[in-house]
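# turn this into a structure:
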Amino acid sequence: MANQREIQARMKSIKDTMKITNAMYMISSSKLQKARRDLKNTEPYFFAIQDALAKILDLSSDAGSEFFNERDGIPKHERKQSYIVVTADKGMAGSYNHNVIKIAEKEALSDNKNMLFVVGQVGRRYFEKKNIPVDINFKYTAQNPNMNRARYIAEKVVDLFKRGELDEVYIVYTKMENSITFDAKLQQLLPLKRHKYISGEENNYQNCSFEPDMDTVFEHIIPDYIAGFIFGALVESYCSEHNARMMAMQTATDAAKDMLRQLEIQYNRARQAAITQEITEVIAGSKAQKNKNN
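Numbering: from 1, shown residues only. Reported below is the predicted structural model:
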């Protein structure tokens, strides 16, 4: 059995670790709430953009045809695909990073023509270690997602798609279903699916004029729509990361408390054993002294 000093040292180490896990839990909780507020504040704008796309298509089904082009003439084995993979900048978040990387490996690495854009240090380090090529100029942090970052990413992939350098664009991110559940998702960004933009509402654009024309307006809106989806994916991933880290830190704190309880029992036993040993030695010494005097 370990002595009292060793047990006390272990207890102190665990308590110091608990301070760190509690602090990380509180930090993640604060960042999670801020990110969810940001997403909630921006969602109405992008819902309005989606509604506008649907109503323009209702008036002109040929608008933005290049964004709906499935390029069926290109064989499957020759299609150039791009994957935007959203990971975290650090670990200690349970299976959060592993789930995203697992999907990316399965989908993106099936063909060497595919392009890989990685957000977050964890994903970049993982793919570099595996000698898997990624876009070296695409270096974005996962922290504090913002619209400027989302717009730049959207402009880059839209430009590559329009120039024919990419035939399909996907994003791999983590969607936060609720405060407990979050799932890694694979979502196609381009080409767009026309059936997703069918609007059953009254079209109040019938009496509007579009300058210079409807197709140009549609093409101008598309990058904003893609940017909105990417921003939502970045924020959802950011929320999921901190939610996963909160759960991991809470689990670590609970485990530390259990360890402390066990160590307290061991400490009390060691302390009681030491006291018993001292009493035994005192009694034995007293008897030896009494026998010597007799």
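# show me where pLDDT drops low in this structure?
1-2, 60-64, 110-113, 136, 179, 195-207, 209-210, 293-294 (pLDDT under 70).
# spatially central residue in it, please.
Against the mean C-alpha coordinate of the chain, by CA atoms, centre = their mean, the closest residue is Ser237 at 3.5 Å.
# residues contacting it?
When contacts are counted by CB atoms under 8 Å, 6 or more residues apart in numbering, Ser237 touches 86-88, 100, 119, 142, 145, 173-174. Every residue, glycine included, has its C-beta placed from N, CA and C.
# just Lys257 next, same as before
Met18.
# just the CA trace of stretch 45-55, in CSV.
Extracted in CSV, the C-alpha atoms of stretch 45-55 (Å, rounded to 0.1, in the frame of the first residue of the first chain):
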residue,chain,number,x,y,z
TYR,A,45,-30.9,36.5,-43.9
PHE,A,46,-29.9,33.2,-45.6
PHE,A,47,-33.4,31.8,-45.3
ALA,A,48,-34.5,34.9,-47.3
ILE,A,49,-31.8,34.2,-49.9
GLN,A,50,-33.1,30.7,-50.3
ASP,A,51,-36.6,31.9,-50.7
ALA,A,52,-35.5,34.4,-53.3
LEU,A,53,-33.7,31.7,-55.3
ALA,A,54,-36.8,29.5,-55.2
LYS,A,55,-39.0,32.4,-56.5
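# distance from the chain centre to it, please.
Taking CA atoms, centre = their mean, to the nearest Å, one finds stretch 45-55 lying 26 Å from the centre of the chain it belongs to.
# can you give me the buried ones in it?
46, 49-50, 52-55 (16 or more other CB atoms under 10 Å).
# returning to that earlier point: pretty sure the residue nearest to the centre of the chain sits in a helix.
Yes. Using DSSP: H, G, I helix; E, B strand; the rest coil, the assignment for Ser237 is a helix.
# from the buried residues of stretch 45-55, which ones fall inside helices?
Among these, the ones falling in helices (DSSP state H) are 46, 49-50, 52-55.
# tell me the secondary structure for Pro145?
For Pro145, the secondary-structure state derived from three-state DSSP is coil.
# how about the contacts made by it?
Neighbours of Pro145 in contact, by CB under 8 Å, 6+ apart: 35, 38, 231, 234-235, 237-238.
# top of those residues by number of neighbours, please.
The most crowded member of those, judged by other CB atoms under 10 Å, is Ser237 (30 neighbours).
# for Asp38, see how far away that one is.
13 Å (CB to CB, to the nearest Å).
# same deal with Ala274?
57 Å.
# which of the contacts of Ser237 sits closest to Met249?
Comparing the contacts of Ser237 against Met249 with CB to CB places Ala88 closest, at 14.0 Å.
# how about the nearest residue to that closest one, chain neighbours excluded?
Spatial nearest neighbour of Ala88, excluding adjacent residues (CB to CB, 6 or more residues apart in numbering): Glu241 at 4.7 Å.
# go on, Tyr140?
Val119 (4.8 Å).
# bridge partners for the one you found, pull those for me.
For Val119, the beta-bridge partners under DSSP bridges are Val86, Tyr140.
# so what's it up against?
Neighbouring residues of Val119 by CB under 8 Å, 6+ apart: 84-87, 138, 140-142, 234, 237.
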